[in-house]
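Student: compute the structure for the input listed below.
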Amino acid sequence: MPAPHSSLDLAGSVRPGAGPAPHRDFLVDGRALLHRLDEVDGVDAVSPLAADLPPTVRARDVRGLLAADGSRRVIHSCPECDDPGCGAVTAVVERAGEDVVWRDLAWQTGPSVDPERDVYPGVGPFRFRGAAYRAVLHRMLGEAAEGPADLRPGGPGGPGLPGGAAGPGGAGRATTPRAA
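Tutor: Below is the predicted model of the structure:
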C-alpha cells in the first residue's frame, strides 16, 4: 500500500540580522523539513545549513525536482558556494503514477550516498499529489523570474551535485489532503 499523501508548502527563512532573504524551506505536513531532519537521533548533518546560513533556492534545482525522474536531487544546499563538498540534503525524487515521491533523504557530500551512513532514518518517504507539487514548484520558478539572481533561470548557481543531483524555495501554499 502506498504511503499516505503529504502536504507540501513553502515558507520563507530569515538570515539572522539581515532581515528577509530569498531563502526558503519546505514545509512537509506543516513542519519545516530542515527542523525535521535536524531532530533525527544521532544525526547532526543539517546544523551547518540550519544555523546562520539558510539554504538558497536555485532555479536549476527546482527544475530537477520537477523532473521527478527517479534520480537523486538536491533539496537544500550551501547558500554561499553551492559546492557539493559542503554537503546537501538530497532525496530520490520519482513519479508514482500521478504522484511524486521523495524517498531516501540523505546528507550528501560527494558523488554518491552511503545508505548506512548518510540516509536520515525514519524520515519519509513523502508522497505528494502531482498537480499540487508541480503548482508549488512552478510558482517558485515564476517568482524566480522576478527575484534574486540565484533564482533566475540562467542566473548564478554553479554546477549541481555529481551524478545529476539537483533543491527548493518559494512562497505560497499548495496542500494535498492526507489519506485516511
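Student: what about stretch 110-117, start to end distance?
Tutor: In stretch 110-117, first residue to last residue: 13 Å (Cα to Cα, to the nearest Å).
Student: could I get the full set of helices for the chain?
Tutor: Taking DSSP state H to define them, one finds helices in the chain at 33-38, 47-50, 59-67, 115-118, 130-146.
Student: which of these is buried the deepest?
Tutor: helix 59-67 (a mean of 21; mean count of other Cβ atoms under 10 Å). For the C-beta atoms, the positions are set from N, CA and C on the backbone; glycine is no exception.
Student: quick one: that helix to helix 130-146, angle?
Tutor: 170 degrees (axes from the mean of the first three to the mean of the last three Cα atoms, to 10 degrees).
Student: from here on, count from 56
Tutor: Let's use 56 as the start, then, which means that last one is helix 114-122.
Student: Asp64: which of the helices of the chain is closest?
Tutor: Closest of these to Asp64 is helix 185-201, at 7.3 Å (criterion: Cβ to Cβ).
Student: helices and strands around the closest one, which ones?
Tutor: In terms of contacts (3 or more Cβ pairs under 8 Å, 6 or more residues apart in numbering; DSSP states H and E), helix 185-201 is packed against strand 63-70, helix 114-122, strand 154-163, strand 228-229.
Student: mind putting the ones you listed in JSON lines, distance to Val191 included?
Tutor: Below are those laid out as JSON lines (distance: least, Cβ to Cβ, whole Å):
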{"stretch": "strand 63-70", "distance to Val191": "6"}
{"stretch": "helix 114-122", "distance to Val191": "10"}
{"stretch": "strand 154-163", "distance to Val191": "11"}
{"stretch": "strand 228-229", "distance to Val191": "4"}
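Student: by mean pLDDT, show me the worst of the helices of the chain.
Tutor: Among the helices of the chain, helix 102-105 carries the lowest mean pLDDT, a mean of 48.
Student: many thanks, I have nothing further to ask.
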